[in-house]
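Asker: here is my input, please return the structure:
(2 chains)
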Number of protein chains: 2
Amino acid sequence: MVEEKENIQFELTNELIEQVQQLIVENNDKELRALMLDFHHADIAEILDELDLEEAVYIIKLLDSETTSDILMELDEDIRENVLKNLSSKEIAEEIEELDTDDAADMIAELPEDRQEDVISQIEDQEHKAEIQELLAYDEDTAGGLMAKELVKVYETWTVAGCMRRIRGQAKDVTRVHSIYVVDKEDKLIGRLSLKDLITAKSEQKIADIAKDNVDFVNVNEDAEEVAKVMQKYDLEAIPVVDDNQILLGRITIDDIVDVIKEEAEKDYQLAAGITQDVEADDSIVQLTRARLPWLFLGLVGGVGAFLIMEGFQGVFEKYAELFFFTPLIAAMAGNVGVQSSAIIVQGLANDDVKGSVNKRLIKEMFLAALNGVILALFLFLFVWIYKNDMQTALAISASLVAVIIVAGLIGTFIPLFLDKRGIDPAIATGPFITTSNDIFGILIYFWIAKLILNI
Amino acid sequence: MVEEKENIQFELTNELIEQVQQLIVENNDKELRALMLDFHHADIAEILDELDLEEAVYIIKLLDSETTSDILMELDEDIRENVLKNLSSKEIAEEIEELDTDDAADMIAELPEDRQEDVISQIEDQEHKAEIQELLAYDEDTAGGLMAKELVKVYETWTVAGCMRRIRGQAKDVTRVHSIYVVDKEDKLIGRLSLKDLITAKSEQKIADIAKDNVDFVNVNEDAEEVAKVMQKYDLEAIPVVDDNQILLGRITIDDIVDVIKEEAEKDYQLAAGITQDVEADDSIVQLTRARLPWLFLGLVGGVGAFLIMEGFQGVFEKYAELFFFTPLIAAMAGNVGVQSSAIIVQGLANDDVKGSVNKRLIKEMFLAALNGVILALFLFLFVWIYKNDMQTALAISASLVAVIIVAGLIGTFIPLFLDKRGIDPAIATGPFITTSNDIFGILIYFWIAKLILNI
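Answerer: So this is what the prediction gives:
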């Protein structure tokens, strides 16, 4: 492989941050502006994320709103909130004027309710204002909440030449023209065209003749995750959004869907780790505690349950102390197996891969857990037998382990499937929820079976 | 909210599967072909995923390669492998002819090595063949492994009118024209254009005058994850790929990046659940065992460690039996806290959010864990005190819990940061690895502190 050449990627260095801070201290606006304009707006946002609030506000006020509106959208949410607090409603309205309708609506929605009205009333472009107000009415987790009003729309009765002329006008407002949407005279979506189709067509052809009528679309009330699935499955880079009467309302682009996919994956990951969604490493201790404590409390309750079970078997300690010393092992195995099987089911459900009957899944997991359990129990048996020279205890502990692993696997498989059938997000069953219930069931089953085998 | 109208999304029903199977049994090729052509190729792939292998092969052989090549790319990987086994090298080469170079190279790479040469030699289009062979040389986790050779390229010296003429030719081979790449006479990338820029420019203008020169690009050896980050950060829908001499080699589109992002998220999720990457719910019991057993074995070793620690404290059971009954609680809390803190760090590292010094992170986690620990310990103290009426034991157990939680949080924060600095994927530290080490440390610290307080 050849030596790698440096690529274009921006690197945020301490020197750069210090240089920026120095220019702010010196009020050297000219040089600061020149420095900033060398960077992409996403890079400037990275710099601002590292500055103090006053410094960030200084730069936002220094640059013009065409640049700063894009920077603001790239900022960390908490920092954006604080920066906006330091801008007047008029200044925010100016930023909003520069943004596409979807970003504009998102930025307004983040403002405190009493400021929203004030900012909206100061937007000068009346069409932009009306479109933003329309978008604000949709739930953020629906197609309506994701879509932008910017799109290129043509009527089926136009000719290619006439269409090209008019598109030159519309396209100026649209950052990326993915598809040209074809509508009838009532604005109902009836087909689509690519720019490529248009430039490769003859100029006297009618749009109706060259449009593709198999256009994918989503209803404005469709769930955002569902939109993400449709766009991924059909490899779409943009999808038009219609109302119940098939009237074209807006379009969703793939970059917004990438965000939905990432957020969904992060949410599932955090739930599996016992964190209520939407915290980051840089959040405050109070925010992090609020996200983590409830799950830990659940673990505490489970631990008290395990305590009560063990206390009930206290009498056999004298003769079978090993039983007690292996409870952390039993609990750990029950927890690990439960997390493994639930994670596989949750991921399969997210990808629509889990089909067929629940019973078949459970039977498969039973065999799988039994196979894993027997292999692990064999090692445990040998350890206890050799270490304690007591084959009966070794047998009791290992046999119990197999039973515990099978039950843990079944619980881990059943609970997410059950939750999913009930319309509850199965991802909540992957973390402390499953480990805690498996700890308790595991320890109970373990003592119960060991007692049977040892004839206590 | 208005009543939701049915959207276009395809639904896979048992009736449909049975209908397809019936048509195959009847050898009713005409009706089967007509039925299939109603569906999108991604939908047909979903149907094939549910059929027996012979049935799937029947349909692939029935339809023409223009449709089946797309269907094959959408199939589940295991099923595609089996279907391809049932096709001749000549038939596979025909499918390859229809695919874009990136998909073609991926499909060939999946074949057994001895078949690869045979299939390649049967590709008739010599240019397509050479491009595929070029792509096969790149590592699949690099920009070269993701890129396609299909793109629209223009020379800076052309005029807009001349450019439009030539693009009409090139664009026929390119499914989606995201950007037009501008090169100099040595094929070095020097800028880009959008189709929109082209159709809104005057026909006599020179390409050099209207091209944007701030074109993002990646080196062909760049890591795939790095490409994904760049494309997300700068909101790109396609990025050109160049070699070390800036020669334009290919382009990567956002749909391939969506796959990279999803795979990355799934890998981290599975590691956090104690599953070696790349298994699905539908994989065989042997495959699933291979992915799960190593992590369970780690848990078993940890459990044996906990056993040895508890055995060492055996002597105090008579007087302080509660200490032993709370070990599952201690182990569970240590495990949960460790998983929470490591997951937050791993996610932060994946998003490039974790900046600043390791010490500052550890101090923050210490305060966070102490806060959580004290709240939880308070509940535990009250429970033990009231239930056992023994304040000293209650105090010993709760104080130990606080210490265990702080240490668990620190370990969970430190290990992924340490692995990351060493260039090891920190995600391996989120699952059984962290719970197992925290179980052992937790129980050791717990008995040690309780012993100190109780003066045993």
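Asker: wait, a helix at residue A:190?
Answerer: No - under DSSP: H, G, I helix; E, B strand; the rest coil, residue A:190 sits outside any helix and is assigned strand.
Asker: and the gap between it and residue A:150?
Answerer: Relative to residue A:150, residue A:190 is positioned 20 Å away (Cβ to Cβ, to the nearest Å). C-beta: built from backbone N, CA, C; applies to glycine.
Asker: quick one, grab the pLDDT at residue A:4.
Answerer: Residue A:4 is assigned a predicted lDDT (pLDDT) of 36.
Asker: do the same with residue A:365
Answerer: Per-residue confidence at residue A:365 stands at 88 (pLDDT).
Asker: you'd agree it is up against residue A:408?
Answerer: No - using Cβ atoms under 8 Å, residue A:365 is not in contact with residue A:408; the gap is 9.9 Å.
Asker: ok, those two, which is more surrounded?
Answerer: Using other Cβ atoms under 10 Å in any protein chain shown as the criterion, residue A:365 and residue A:408 rank with residue A:408 on top: 33 against 26.
Asker: quick revisit: shared neighbours of residue A:365 and residue A:408, anything?
Answerer: residue A:341 (Cβ atoms under 8 Å, 6 or more residues apart in numbering or on different chains).
Asker: and residue A:58, what is it in contact with?
Answerer: residue A:24.
Asker: I meant to write residue A:403 there.
Answerer: A:373, A:445-446, A:449.
Asker: tell me which helix or strand it sits in.
Answerer: Per DSSP states H and E, residue A:403 falls inside helix A:391-421.
Asker: buried ones in that helix?
Answerer: Using 16 or more other Cβ atoms under 10 Å in any protein chain shown as the test for burial, helix A:391-421 gives A:393-417, A:419-420.
Asker: please apply the same query to stretch A:254-272.
Answerer: Going by neighbour count (16+ other Cβ under 10 Å), the buried part of stretch A:254-272 is A:254-258, A:260-262, A:264-272.
Asker: same deal with stretch A:338-355?
Answerer: Neighbour count says stretch A:338-355 has A:338-350, A:354 buried, by 16+ other Cβ under 10 Å.
Asker: quick one, which of the residues you listed has the minimum pLDDT?
Answerer: For those, the weakest pLDDT value sits at residue A:354, with 74.
Asker: name the SS class of the closest residue to that one other than its chain neighbours, please.
Answerer: Nearest-residue entry for residue A:354: residue A:348, 3.9 Å, with adjacent residues in sequence omitted and distances by Cβ to Cβ, 6 or more residues apart in numbering or on different chains. Under three-state DSSP, residue A:348 falls in the helix class.
Asker: wait, residue A:348 sits on residue B:279?
Answerer: No - taking contacts as Cβ under 8 Å, residue A:348 lies outside contact range of residue B:279: 10.1 Å.
Asker: hmm, residue A:90 and residue A:65 touching each other?
Answerer: No - assessed by Cβ under 8 Å, residue A:65 is found out of contact with residue A:90, at 10.9 Å.
Asker: distance between the ends of stretch A:377-396?
Answerer: Chord length of stretch A:377-396, first to last residue, is 10 Å (Cα to Cα, to the nearest Å).
Asker: picking up where we left off before, how about a markdown table for the buried residues of stretch A:338-355, with distance to residue B:358 added?
Answerer: A markdown table is the format used below for the buried residues of stretch A:338-355 (distance: Cβ to Cβ, whole Å):
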| residue | distance to residue B:358 |
| --- | --- |
| A:338 | 33 |
| A:339 | 28 |
| A:340 | 31 |
| A:341 | 35 |
| A:342 | 33 |
| A:343 | 29 |
| A:344 | 34 |
| A:345 | 36 |
| A:346 | 32 |
| A:347 | 32 |
| A:348 | 37 |
| A:349 | 37 |
| A:350 | 34 |
| A:354 | 40 |
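Asker: all helices for the stretch 301-450 of chain A, in order.
Answerer: Using DSSP state H, counting those that start in this stretch, the helices assigned to the stretch 301-450 of chain A run over residues A:321-325, A:327-350, A:358-388, A:391-421, A:432-454.
Asker: right, and those helices - which one's nearest residue B:155?
Answerer: helix A:327-350 (46.4 Å; Cβ to Cβ).
Asker: between the closest one and helix A:391-421, how many degrees?
Answerer: Angle of helix A:327-350 versus helix A:391-421, following axes from the mean of the first three to the mean of the last three Cα atoms, to 10 degrees, is 30 degrees.
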